[in-house]
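> what follows is a protein structure lacking sequence information:
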DNA sequence: GCGCATTTTTGCATGACGTGCAAAATAAAG
DNA sequence: CTTTATTTTGCACGTCATGCAAAAATGCGC
């Protein structure tokens, strides 16, 4: 990679970092694009060469994708043959997609978590990113099933997958309301990743149970005795 | 209702209608707030007394809620006792919530459909509205189950419910890509509502089948014969 | 109808956002 | 070093959005 490209990437990252840091410190509307640009010692106009808007610099580069390996295995019908387990594995590979491995992915996650915690108005934009991912997932499910665009299942599966991702993030994020967000710059630990995967599995199982067991089980579980 | 309030409401609706009409005609960035205000013969400043942004005037007043009746029945454990069927009925009551009945709700739906068709950038904001509805649904599911905030099921159910709504809209909207959007001002027909409910039921069943039948059925259905 | 309190509309000033354009600066290639 | 391609920058411009105070409209008691 030439000096030119490296420099560009560095500037981009610097702008992103500065944007996030300043917004976490002062709040979204107490940070202007000029502030961010000044922080990186670059003109305001240059900021807009890199990002179309202030928000774009904050949201980052979209959600990760499944790793190439994860995709290939999933499309081929693996690793287990059970659609649920395989979808789960497929989604798990999202963590391995980012250039610097799962540490970078976790750091990104935490950054987003802190950001939405501070600025809930960013949620819609995050959601929009998920919607993009949805397209890609649907395509992979369709490839696995070998069906055309008229089959509902790929879209349904993709919808469920992103729903699941959203829910897992919600759970992680939710914690106790008001709980201090983790330090955005702390190193990502393996425990952290394990916790995420665990939460993901739990959600997955809950969802499965919700459907397979819902018809009979839920009403009888109602504690008010009116079932 | 006094003259004052009636006039305010009228202005609000006029601004919304003008905004939607102009944007459908010319596209989002070919319509300024000034244009909209001028159309209603009101100052630009007044526009911002009613709406916080141009988009807000377009998106409208958030998603409908379940009707009071629908909520009460659902929370009491009815109408059938089967969680799925009941959730479906609960969601169906969304159509009856709007002041002028389902016709108004359908017209709203169609308006949104046309808008999103013309301006996909509005999708995220629509989604955000659904997220609001999610809270309310989760609360109702929790009330029905009589459980506390630590139970995953209410949030899960709400998530699924909104997922379902999104998917149904996507299906209706999708139609054939490029298909001309319906006239936004055409009267809402009973057939239209029936079609929506049918689509909703189909999606509901597909989802149910997806889960209950997925583990065994899907792999064997794969047409490549590798199962 | 008339004056008075309240609410709504309006104009004006202000700051930030975002884009197009052309000139200056910088890197790459010969 | 010269030439070429890319990137940065400054500037002008239009739009978005908010705060504030004056003006207009409304509702109400008389």
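Structure's in. What do you need? Not measured: the values here are computed from a predicted model.

> which other residues reach stretch A:50-63?
A:11-12, A:15-16, A:19-20, A:23, A:28, A:31, A:33, A:36, A:47, A:94, A:108, A:111-112, A:115, A:122, A:125-126, A:129-130, A:132-133 (Cβ atoms under 8 Å, 6 or more residues apart in numbering or on different chains). C-beta: built from backbone N, CA, C; applies to glycine.

> with stretch A:19-33 instead?
Stretch A:19-33 has contacts (Cβ under 8 Å, 6+ apart) with A:35-36, A:39, A:44, A:47-48, A:54, A:57-58, A:111, A:114-115, A:118-119, A:121-122, A:184.

> picking up where we left off before, same for DNA strand C: which of the contacts of stretch A:50-63 are within range?
For DNA strand C, the contacts drawn from these by Cβ under 7 Å from any atom of the strand are A:31, A:33.

> helices - which of the contacts of stretch A:50-63 land there?
Judged by DSSP state H, helices contain the following of the contacts of stretch A:50-63: A:11-12, A:15-16, A:19-20, A:23, A:33, A:36, A:47, A:108, A:111-112, A:115, A:125-126, A:129-130, A:132-133.

> show me chain A divided up by domain.
According to automatic domain parsing, chain A comprises the domains A:3-57, A:62-213.

> any part of the first one near DNA strand D?
Meaning domain A:3-57. Yes: for domain A:3-57, a contact with DNA strand D is found by Cβ under 7 Å from any atom of the strand, at A:4-5, A:7-8, A:11, A:41-43, A:45-46, A:49-50.

> among the contacts of stretch A:50-63, the buried ones, what's the PyMOL command?
In PyMOL, this line selects whichever of the contacts of stretch A:50-63 come out buried by 16 or more other Cβ atoms under 10 Å in any protein chain shown:
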select buried, chain A and resi 11+12+15+16+19+20+23+28+31+33+36+47+94+108+111+112+115+122+125+126+129+130+133
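
> just the helices in chain A please.
Under DSSP H, chain A gives helices at A:3-26, A:33-40, A:44-50, A:54-59, A:68-75, A:83-92, A:102-118, A:123-145, A:152-174, A:190-212, A:214-221.

> do you know how far the residue nearest in space to the middle of chain A is from residue B:33?
By Cα atoms, centre = their mean, chain A has its centre lying nearest to residue A:63, at 5.1 Å. According to Cβ to Cβ, to the nearest Å, residue A:63 stands 33 Å off from residue B:33.

> how about residue A:118?
29 Å.

> repeat that for residue A:139.
39 Å.

> what's next to stretch A:94-105, contact-wise?
A:63-67, A:69-70, A:106, A:108, A:165, A:187-188, A:193, A:196.

> make JSON lines out of those residues and add distance to residue A:143 and pLDDT.
Below are the contacts of stretch A:94-105 laid out as JSON lines (distance: Cβ to Cβ, whole Å; pLDDT from 0 to 100):
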{"residue": "A:63", "distance to residue A:143": "19", "pLDDT": "76"}
{"residue": "A:64", "distance to residue A:143": "19", "pLDDT": "79"}
{"residue": "A:65", "distance to residue A:143": "14", "pLDDT": "83"}
{"residue": "A:66", "distance to residue A:143": "12", "pLDDT": "84"}
{"residue": "A:67", "distance to residue A:143": "16", "pLDDT": "84"}
{"residue": "A:69", "distance to residue A:143": "15", "pLDDT": "87"}
{"residue": "A:70", "distance to residue A:143": "13", "pLDDT": "87"}
{"residue": "A:106", "distance to residue A:143": "28", "pLDDT": "78"}
{"residue": "A:108", "distance to residue A:143": "27", "pLDDT": "81"}
{"residue": "A:165", "distance to residue A:143": "20", "pLDDT": "82"}
{"residue": "A:187", "distance to residue A:143": "37", "pLDDT": "60"}
{"residue": "A:188", "distance to residue A:143": "31", "pLDDT": "64"}
{"residue": "A:193", "distance to residue A:143": "28", "pLDDT": "77"}
{"residue": "A:196", "distance to residue A:143": "27", "pLDDT": "80"}
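
> any of those buried? List them.
By 16+ other Cβ under 10 Å, the contacts of stretch A:94-105 give A:63-67, A:70, A:106, A:108, A:165, A:188, A:193, A:196 as buried.

> out of those residues, who's nearest chain B?
Chain B has its nearest neighbour among the buried ones among the contacts of stretch A:94-105 in residue A:165, at 11.0 Å by Cβ to the nearest Cβ.

> output the lowest mean pLDDT helix or strand found in chain A.
Least confident element among the helices and strands of chain A, by mean pLDDT, DSSP states H and E: helix A:214-221 (a mean of 38).

> these two touch, right, residue A:140 and residue A:67?
No: contact between residue A:140 and residue A:67 fails when scored by Cβ atoms under 8 Å: they sit 11.8 Å apart.

> can you give me the buried ones in stretch A:113-120?
For stretch A:113-120, a neighbour-count test (16+ other Cβ under 10 Å) marks A:113-119 as buried.

> related to what we said a few turns ago, reformat the helices of chain A as CSV; add distance to residue B:203.
Formatted as CSV, those follow (distance: least, Cβ to Cβ, whole Å):
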stretch, distance to residue B:203
helix A:3-26, 38
helix A:33-40, 42
helix A:44-50, 41
helix A:54-59, 30
helix A:68-75, 24
helix A:83-92, 18
helix A:102-118, 29
helix A:123-145, 15
helix A:152-174, 8
helix A:190-212, 14
helix A:214-221, 17
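
> mind telling me which of those helices the model trusts least?
Mean pLDDT per stretch puts helix A:214-221 lowest among these, at a mean of 38.

> could you find the closest non-adjacent residue to residue A:143?
Leaving aside its sequence neighbours, residue A:143 sits nearest to residue A:75 (Cβ to Cβ, 6 or more residues apart in numbering or on different chains; 4.6 Å).

> correct me if wrong: that neighbour contacts residue A:144.
Yes: if you go by Cβ under 8 Å, residue A:75 and residue A:144 touch, sitting 4.9 Å apart.

> these two: which is more packed in?
The neighbour comparison of residue A:75 against residue A:144 (other Cβ atoms under 10 Å in any protein chain shown) goes to residue A:144, with 26 against 19.

> quick one: residues contacting that one.
A:74-77, B:222.

> who wins for most neighbours among the residues you listed?
Going by other Cβ under 10 Å, residue A:74 tops the contacts of residue A:144 with 23 neighbours.

> next up, the contacts around the residue nearest to that one when sequence neighbours are not counted.
Spatial nearest neighbour of residue A:74, excluding adjacent residues (Cβ to Cβ, 6+ apart): residue A:90 at 4.2 Å. Taking Cβ under 8 Å, 6+ apart, we find residue A:90 in contact with A:66, A:70-71, A:73-74, A:137, A:140, A:161.

> try it again with 7 Å
Taking Cβ atoms under 7 Å, 6 or more residues apart in numbering or on different chains, we find residue A:90 in contact with A:66, A:70, A:74.

> next one: the last one from DNA strand C, what distance?
Computed as Cβ to the nearest atom of the strand, to the nearest Å, the residue A:74 to DNA strand C distance reads 37 Å.
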